[in-house]
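K.L.:
sequence first, predicted model second:
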Amino acid sequence: MLLELQKINAGYGDLQVLWDVDLSVDKGEIVSLLGSNGAGKTTTLRVVSGLLKPFSGKVMFNGRDITKLPSNKRVEMGLALVPEGRQLFPEMTVLDNLEMGAYTKRARDKFHDTLEWVFTLFPKLKERRTQLAGTMSGGEQQMLAIARGLMSRPEVLMMDEPSMGLAPKLVLEIFGTVKKLREEGVTILLVEQNAKAALDVSDRAYILETGKIVLHGPAQELLGMDEVRKAYLGI
Ligand SMILES: Nc1ncnc2c1ncn2[C@@H]1O[C@H](COP(=O)(O)OP(=O)(O)O)[C@@H](O)[C@H]1O
Ligand SMILES: [Mg+2]
């Protein structure tokens, strides 16, 4: 497994949010972590990216225990997070935002090649490279947030609710992008509340309920399960 969480317990101060969370992502997979608001999805990604230290448990990446490594070291190793709510620099141009994503040595060395790759994936960002990020539409800003994550040349790209707040047509575009990235060899850990759309593009998925993994398996299997259809797909 490329990325593996082993029995992660985590939270904030006295508040425990995650309980014995086990989750793995193999190279080349799209894996979704689904669950309703407040289930602990963002907290899980914070633990993986090193922004939150777990109470106990391990994070393994490429066979290495990275539980104690700081966040920037993890980015250097090839783990990138596209955060919830995009977190762009609105007063900076598209190009400057992309440069901010390439701050590691791993990324700086390949900066020009990566920029070309990203512009091929998102031609609109090339057209708009001198535009201020904050003046772009929600869909364009999400594309920019994903592109900024790609600038670090990740092996695993984690995305926290990329479809949030977007119109249905743009949601389709975002999930189309997710599939395209997999074809480009990027492994993806996708966090979503939009379970149907996420399961449609995923190989496997995990369902988190109040901090516990209650179900996991191949995405197609989950799509066919009554309990999933009722609770998460509104069918
Ligand atoms: N910085 C924080 N301090 C205290 N509690 C937090 C913090 N961030 C999240 N929480 C709590 O942790 C729980 C899980 O939140 P989160 O991981 O953001 O859920 P999700 O991303 O699935 O919506 C929620 O009850 C939330 O209120
Ligand atoms: Mg969240």
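P.N.:
Yes, it's here. Numbering: from 1, shown residues only. Ligands and ions are numbered 1, 2, ... in the order given.
K.L.:
so which residue of the chain comes closest to ligand 2?
P.N.:
Distance from ligand 2 to each residue of the chain (Cβ to the ion) is smallest for residue 42, at 3.2 Å. Any C-beta I mention is one placed from the backbone N, CA and C, and that applies to glycine too.
K.L.:
pretty sure that residue sits against residue 164.
P.N.:
No: using Cβ atoms under 8 Å, residue 42 is not in contact with residue 164, being 11.2 Å away.
K.L.:
overlap in contacts of these two?
P.N.:
Both residue 42 and residue 164 are contacted by residue 84, under the criterion Cβ atoms under 8 Å, 6 or more residues apart in numbering.
K.L.:
can I get the top helix by length along the chain in PDB, CA atoms only?
P.N.:
Across the chain, the longest stretch assigned as helix under DSSP state H is helix 168-183. The C-alpha coordinates for helix 168-183 follow below in PDB (Å, rounded to 0.1, in the frame of the first residue of the first chain):
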ATOM      1  CA  PRO A 168     -24.100  20.700 -10.900                       C
ATOM      2  CA  LYS A 169     -22.400  21.200 -14.300                       C
ATOM      3  CA  LEU A 170     -19.200  22.200 -12.600                       C
ATOM      4  CA  VAL A 171     -19.400  19.300 -10.200                       C
ATOM      5  CA  LEU A 172     -19.400  17.000 -13.200                       C
ATOM      6  CA  GLU A 173     -16.300  18.900 -14.500                       C
ATOM      7  CA  ILE A 174     -14.500  18.400 -11.200                       C
ATOM      8  CA  PHE A 175     -15.200  14.700 -11.100                       C
ATOM      9  CA  GLY A 176     -14.100  14.500 -14.800                       C
ATOM     10  CA  THR A 177     -10.800  16.100 -13.700                       C
ATOM     11  CA  VAL A 178     -10.400  13.500 -10.900                       C
ATOM     12  CA  LYS A 179     -10.700  10.700 -13.500                       C
ATOM     13  CA  LYS A 180      -8.200  12.500 -15.800                       C
ATOM     14  CA  LEU A 181      -5.700  12.800 -13.000                       C
ATOM     15  CA  ARG A 182      -5.800   9.100 -12.400                       C
ATOM     16  CA  GLU A 183      -5.000   8.500 -16.100                       C
END
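K.L.:
next helix or strand past that helix?
P.N.:
strand 187-192 (DSSP states H and E).
K.L.:
that next one and ligand 2, are they touching?
P.N.:
No: if you take Cβ under 5 Å from the ion as the test, strand 187-192 misses ligand 2, and the best it gets is 6.7 Å.
K.L.:
chain center to the following helix or strand past that strand: distance?
P.N.:
Later in the chain than strand 187-192, the nearest helix or strand by DSSP H and E is helix 195-201. Distance, stretch centre to chain centre, for helix 195-201: 14 Å (Cα atoms, centre = their mean, to the nearest Å).
K.L.:
list the buried ones in helix 195-201?
P.N.:
By neighbour count on 16 or more other Cβ atoms under 10 Å, the buried set for helix 195-201 is 195, 197-199, 201.
K.L.:
could you pull out the helices for the chain?
P.N.:
In the chain, the helices defined using DSSP H lie at 41-49, 71-77, 94-100, 105-108, 111-121, 123-127, 138-150, 168-183, 195-201, 219-223, 226-232.
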